[in-house]
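[1] Below: sequence and its predicted model.
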Amino acid sequence: MITKRIQKLIAKYLVNQASFSELDELEQWLKDSDNEKEFARFVKTNYLIEYNLKKFNKDITKLKLYDLIEQEKKVLRLKRIQKYSRYVAAAVVVGILATGYFFKDNIFSTPIEQTPTIVNTKAIVPGTDKATLTLGDGSIVVLKKGNTYQGQNANSNGEEIIYEASKQKPTEIVYNYLTVPRGGEYYIVLSDGTRVWLNSESQLKYPESFIEGETREVELVYGEAYFDVSPSTEHKGSNFKVFNRSQEVEVLGTEFNIKAYKDEVNIYTTLVEGRVVVDNGISKQNLIPNQQSNLDLEKNSIKVTVVDVEGEISWKNGVFSFKGKSLKNIMRVISRWYDVDVIFLDKNLEELKFKGVLSKNQSIEEILSIMKSSTISDYKIKDKTIILK
């Protein structure tokens, strides 16, 4: 069985985030033939990449895998990877044999060579680290690469913002808002040490400082966020709560993801570690790791299911993991990250399913070409609008 440590190593390797020592550790683990099979099984189950899995035990495939690991080490040694390359996705793995993905029929597909129409006067680029910070007095600070910010108890290098615990005990709560636009993402450390990753088109409301002994409360106004909460044992028992539309999530030192976009009628809370209680005012649901609650806003009801956690939170690690998602839902994700509009000329396309792992750093043309090999027949790009046929 693959340990949680090895799972994380594989995930980091697939998205090109593994350090030199982690690559060494993974390589040593793979020298066991049983582990090779576990590796293949894990990748197939969690990443759905065409990996010549049936032939994985053959020497040529193993050698190619080890060669790729060695290549990554050389890149790390030479420091050729630019800072944004932490978002390079599973193309490294795909390159072992060829470019391809498992689609709904699990058949390896080769893209059909056709030239789509592109009338692109406005560049479409992948998202990046950017946000706006609204302070307690209403003033606004633009946070992006190249801009630094120094506040009374917060500082930002342009790519993240970190709050320090106030040296003086606050007597009242002053709220800040961190707003991430379409085509953006941002990382924040709250004053209690809680870490939050915000996805595109999201807004978080939070105190500059928490009042000692009182419940720590933040609000995900809209959008998607991954929380790694500082445990109550480090804050004199103070609980942590996340509020958003129609629900409250009570937390006890844990990691979880909340997806609550304005244009969707469902709120998804996915538990990674620890324990949370989801309350919609009518009923309460206790979640354990690998469970997800689905709050239907129209029916005001909560349904709990077991989900693939890694797929649900892959956005945080620079990857789109689409496992049988409909094109309609996939294009919502794509439109937020690339800041584009999407039009379906054929409404029947909206419900078609697609499976694949894609890099958030890939160009929009690469993303669409991969989909074209299995799901859509053609596409057109006009300015910042994608038209699917």
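    That came in fine, so what should we check first?
[2] element containing Val333?
    helix 327-338 (DSSP states H and E).
[3] again, but for Val278
    Going by DSSP H and E, Val278 is part of strand 266-279.
[4] Give me the mean pLDDT for that strand.
    Throughout strand 266-279, pLDDT has a mean value of 96.
[5] Going forward, count from 26.
    Sounds good: first residue 26 from here, last item strand 291-304.
[6] rewinding a little: can you list the helices and strands that the helix or strand following the helix holding Val358 packs against?
    Using DSSP H and E, the helix or strand that follows helix 352-363 in sequence is strand 366-369. Judged by 3 or more C-beta pairs under 8 Å, 6 or more residues apart in numbering; DSSP states H and E, strand 366-369 is in contact with helix 352-363, strand 410-413. C-beta: built from backbone N, CA, C; applies to glycine.
[7] Next, format these as JSON lines and append mean neighbour count, distance to Pro151 and mean pLDDT.
    Below are the helices and strands packed on strand 366-369 laid out as JSON lines (neighbours: other C-beta atoms under 10 Å; distance: least, C-beta to C-beta, whole Å; pLDDT from 0 to 100):
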{"stretch": "helix 352-363", "mean neighbour count": "20", "distance to Pro151": "6", "mean pLDDT": "96"}
{"stretch": "strand 410-413", "mean neighbour count": "19", "distance to Pro151": "14", "mean pLDDT": "94"}
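[8] Would you mind giving these as TSV with distance to Pro195 added?
    Below are the helices and strands packed on strand 366-369 laid out as TSV (distance: least, C-beta to C-beta, whole Å):
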stretch	distance to Pro195
helix 352-363	35
strand 410-413	47
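[9] so which of these gets nearest Gln175?
    Proximity to Gln175 (C-beta to C-beta) singles out helix 352-363 among those, at 29.6 Å.
[10] Pull the residues that contact the closest one.
    Under the criterion C-beta atoms under 8 Å, 6 or more residues apart in numbering, residues 149-152, 207-208, 224-226, 286, 288-289, 340, 345, 347, 365-367, 369, 374-379, 385, 389, 392, 396, 400-401, 411, 413 lie in contact with helix 352-363.
[11] Buried ones among the residues you listed?
    For those, a burial check counting by 16 or more other C-beta atoms under 10 Å picks out 149, 151-152, 208, 224-226, 286, 340, 345, 347, 365, 367, 369, 374, 377-379, 385, 389, 392, 396, 400-401, 411, 413.
[12] Identify those among these that sit within strands.
    Among the buried ones among the contacts of helix 352-363, the members falling in strands (DSSP state E) are Phe345, Phe347, Val367, Phe369, Lys378, Phe379, Ile411, Leu413.
[13] Now distance to Leu215 too, for the residues you listed, in JSON lines please.
    Output for these, formatted as JSON lines (distance: C-beta to C-beta, whole Å):
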{"residue": "Phe345", "distance to Leu215": "27"}
{"residue": "Phe347", "distance to Leu215": "31"}
{"residue": "Val367", "distance to Leu215": "34"}
{"residue": "Phe369", "distance to Leu215": "40"}
{"residue": "Lys378", "distance to Leu215": "38"}
{"residue": "Phe379", "distance to Leu215": "36"}
{"residue": "Ile411", "distance to Leu215": "36"}
{"residue": "Leu413", "distance to Leu215": "40"}
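[14] Of those, which is the nearest to Trp54?
    Nearest member of those to Trp54, counting by C-beta to C-beta, is Phe345, at 26.7 Å.
[15] okay, the nearest residue to that closest one once chain neighbours are set aside: pLDDT?
    Nearest non-adjacent residue to Phe345, counting by C-beta to C-beta, 6 or more residues apart in numbering: Leu383, 4.4 Å away. For Leu383, the pLDDT comes out at 86.
[16] Show me the shaky parts of this structure.
    26, 37, 39-43, 66, 68-147 (pLDDT under 70).
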